[in-house]
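A.B. asks: Here you go, sequence then predicted model.
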2 protein chains.
Amino acid sequence: MNYFKNKNVLVTGGLGFVGSNLSIALAGKGANVLIIDNMLPRQGGNLFNIEPVKDKVKVNISDIRNPISMNHLVKGIDYVFHIAGQVNHVDSVKNPLNDLSINVEGTLVLMEALRTNNPDAKVVFTGTRGEYGSSLKLPVAENHRINPIGIYAITNFAAERIILTYNNLHKIKSVCLRITNTYGPRHQMAHDEYGVFNWFIRKAIDDEVIPIFGDGRILRDYLYIDDLVSALLMAAVSEKTAGEVYNIGSGIPLSFIDLANKIIEIAGSGKVNHTEFTSERKALEPGDYYADITKIKKELGWEPIVMLDKGINETLKYYRKNKNKYW
Amino acid sequence: MNYFKNKNVLVTGGLGFVGSNLSIALAGKGANVLIIDNMLPRQGGNLFNIEPVKDKVKVNISDIRNPISMNHLVKGIDYVFHIAGQVNHVDSVKNPLNDLSINVEGTLVLMEALRTNNPDAKVVFTGTRGEYGSSLKLPVAENHRINPIGIYAITNFAAERIILTYNNLHKIKSVCLRITNTYGPRHQMAHDEYGVFNWFIRKAIDDEVIPIFGDGRILRDYLYIDDLVSALLMAAVSEKTAGEVYNIGSGIPLSFIDLANKIIEIAGSGKVNHTEFTSERKALEPGDYYADITKIKKELGWEPIVMLDKGINETLKYYRKNKNKYW
């Protein structure tokens, strides 16, 4: 698999959690990686994230909403991984216009830049399982009812549909992923407003209380970042994926309380405390979710390979070593 | 039914087709009507539309995207009919950022203005059948798969979901309608980029060619404007509608070619010519659609009462008399 050797690859949000791990993998495969990131505070952008490849990738600090930057930067690109986004659920309630602007206007500016300057690039978009809202049937397959709850899920769905419209109408080959909760190295650890798994890791490392909302019995399937990166790469190179949507997840349900206890057990520190949902969290909480990943398994041969224990161990190791870069 | 007597009612887009017919009905019921319209060219806003009630309603020329205007204008309002929107499918392809800005940002600014200044108002939103995309099963009920194709349908779905999020999260009572093709007096007649039924009426009146794309066998259910207005009023006053979505349509399928021939027959002028789809129209054409209106019939007792022949006659009469105000 040397598809990316000498390919020009643009990663929006490339200094964040998903973008930086992907950029490191792409640089390792010999791609010419161009990262765009606006380094908005509290959004996860961190120059330390790309430390291992800082001399191999180009970093361009700008904003996907700026058509002047984007029209120039998309030229000559073979693959665009569109990962930049406002991902903070709490901020999306407080400042919905900002969410709309970054997630939807930003996506439109990017797609218009491609349409005008480089319609031959292939686009991979990282959307969210939130597009389904509460699950009618588990596991959730791609043809499940669409019912986004909250501005974050709505703006992600709108971005996905815009990208698919550019695929259908303007023939810009694009594939959209609906991704479950992902964890691992390079996630922001400064606050608990998104990325619950990683927040539990921080609390365990610091031997502090892991807060569990309600009884902690809500189910999610957690995916280790390296598995997500491999899904992104496979979705990009496959000829079959244009215009398609794929669920990405481990497919293995786990409750918040079992997750917290597992982390505490492996870390050897931390403790659980039950607490009430805030009204905002309660109104936006869709309940149990785990992905049916049959489609991507069958069509692309992708499946997650990092088991939970191993993923937790790797994550603990990374943050214990680099704690001062994250909190 | 005197629910609207002395009620303060805000109609966004109140100088356009749906907004003006609604405002006339509301004024007739004794409501204090405040119209907001930005009079954007080619969007259907027309001061002549409110000629019958021009001394009874207030007109405020401003833009729903302007939070300064909106924060002031929503104060003291009992009912908000949110009808303003970019409805031109062709423009939405050419200038998608404008579509996003008017339809989604505008809706968010309105809902934030209500949240901050007047969370007790009831909101009625006029969305589109386009949210369903191509029909998997006919007639189409509210639980049909959501699959918006094109920026216009995507931005309408996002607006609907934002409004429902404000209903659930911020307790602003809101009801969303998904409306089929509507026709009748006060629609713009200047161009053919939206409002196909009314365009056929103009062509018949002028004894010109009615262009039919392809074989003209695609089915739609056409609704006369007075029936839509009665649905809007009933959705507003019912206590049961908060947080709900309703299809609005005649439910009676009719092909484009049969519609054109019916209009020609009643008008006594005009002729049909078959022509090819443009590539843009073809890519955005979802095929057959007609609404399952069981839900609103059962829950609100609404049903369309204006038969097609009568609706065509009324529409012909209006435009023959007022042609110089519309084209």
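C.D. replies: Sure thing, it's come through.

A.B. asks: Let me see the contact set for the residue of the stretch 1-150 of chain A found nearest chain B.
C.D. replies: Scanning the stretch 1-150 of chain A for the residue nearest chain B gives A:Ile146, at 4.2 Å (criterion: C-beta to the nearest C-beta). Using the backbone N, CA and C atoms, a C-beta is placed for each residue, glycine as well. Under the criterion of C-beta atoms under 8 Å, 6 or more residues apart in numbering or on different chains, the neighbours of A:Ile146 are A:Glu131, A:Tyr132, A:Gly133, A:Phe157, B:Arg145, B:Ile146, B:Asn147.

A.B. asks: Tally up the residues packed near the last one, please.
C.D. replies: Residue crowding around B:Asn147 was assessed by other C-beta atoms under 10 Å in any protein chain shown; the count is 18.

A.B. asks: Name the nearest residue to it, sequence neighbours excluded.
C.D. replies: Computed as C-beta to C-beta, 6 or more residues apart in numbering or on different chains, the closest residue to B:Asn147 that is not its neighbour in sequence is B:Gly133, at 3.3 Å.

A.B. asks: Show the pLDDT at the one you found.
C.D. replies: Note on B:Gly133: pLDDT of 93.

A.B. asks: roughly how far apart are it and B:Glu105?
C.D. replies: Here the criterion is C-beta to C-beta, to the nearest Å. By it, B:Gly133 lies 23 Å from B:Glu105.

A.B. asks: hey, what's A:Cys176 bridged with?
C.D. replies: Listed by DSSP bridges, the beta-bridge partners for A:Cys176 are A:Phe125, A:Val245.

A.B. asks: what's the distance between it and A:Asn324?
C.D. replies: For A:Cys176, the distance to A:Asn324 (C-beta to C-beta) stands at 37 Å.

A.B. asks: Of the two, which one has the most company?
C.D. replies: Per other C-beta under 10 Å, whichever of A:Cys176 and A:Asn324 has more neighbours is A:Cys176, with 27 against 7.

A.B. asks: Quick check: that one vs A:Asn247, distance?
C.D. replies: Separation of A:Cys176 from A:Asn247 (C-beta to C-beta): 10 Å.

A.B. asks: same thing with A:Asp227?
C.D. replies: Computed as C-beta to C-beta, the A:Asp227 to A:Asn247 distance reads 13 Å.

A.B. asks: And A:Lys122, by the same measure?
C.D. replies: Counting by C-beta to C-beta, the gap from A:Lys122 to A:Asn247 is 20 Å.

A.B. asks: And for A:Met39?
C.D. replies: 30 Å.

A.B. asks: between these two, which one's more packed in?
C.D. replies: Taking other C-beta under 10 Å, A:Met39 and A:Asn247 do not tie; A:Asn247 has more neighbours (25 against 15).

A.B. asks: my guess is that one is in a strand, correct?
C.D. replies: Yes. Per DSSP: H, G, I helix; E, B strand; the rest coil, A:Asn247 lies within a strand segment.

A.B. asks: Around chain B, pick out the residues from the stretch 151-300 of chain A.
C.D. replies: By C-beta under 8 Å from any C-beta of the partner chain, the residues of the stretch 151-300 of chain A that approach chain B are A:151, A:154-155, A:157-158, A:161-162, A:165, A:168-169, A:280, A:283-284.

A.B. asks: The same query, at a cut-off of 7 Å, please.
C.D. replies: Residues of the stretch 151-300 of chain A found near chain B (C-beta under 7 Å from any C-beta of the partner chain) are A:Ile151, A:Ile154, A:Ala158, A:Arg161, A:Ile162, A:Thr165, A:Asn168, A:Leu169, A:Ala283.

A.B. asks: which of those sit farthest apart?
C.D. replies: A:Leu169 and A:Ala283 (35.3 Å; C-beta to C-beta).

A.B. asks: For chain A, which residues score under the pLDDT cut-off?
C.D. replies: Applying pLDDT under 70 to chain A flags the ranges A:1.

A.B. asks: quick one, which residue of it lies the farthest from its center?
C.D. replies: Relative to the centre of chain A, and counting by C-alpha atoms, centre = their mean, the farthest-placed residue is A:Gly268 at 28.2 Å.

A.B. asks: Provide the backbone phi and psi angles at it.
C.D. replies: Main-chain torsions, A:Gly268, degrees, to the nearest 10: phi 80, psi 20.

A.B. asks: ok, now how distant is it from chain B?
C.D. replies: 40 Å (C-beta to the nearest C-beta, to the nearest Å).

A.B. asks: Also A:Ile266?
C.D. replies: To chain B, A:Ile266 is 36 Å away according to C-beta to the nearest C-beta.

A.B. asks: cool, and A:Gly301?
C.D. replies: For A:Gly301, the distance to chain B equals 27 Å [C-beta to the nearest C-beta].

A.B. asks: can you give me the strands in chain A?
C.D. replies: Remark: strands assigned in chain A by DSSP state E are A:8-12, A:32-37, A:58-61, A:79-82, A:122-128, A:174-179, A:182-183, A:209-213, A:219-220, A:223-224, A:245-248, A:254-255, A:271-275.

A.B. asks: For chain B, give me its nearest residue in the stretch 201-327 of chain A.
C.D. replies: For the stretch 201-327 of chain A, C-beta to the nearest C-beta, closest residue to chain B: A:Ala283, 4.6 Å.

A.B. asks: Enumerate every residue touching that residue.
C.D. replies: Counting by C-beta atoms under 7 Å, 6 or more residues apart in numbering or on different chains, A:Ala283 makes contact with B:Asn168, B:Leu169.

A.B. asks: Likewise for A:Leu233?
C.D. replies: A:Ala25.

A.B. asks: go again using 8 Å as the cut-off
C.D. replies: A:Tyr3, A:Phe4, A:Leu22, A:Ala25, A:Leu26, A:Lys29.
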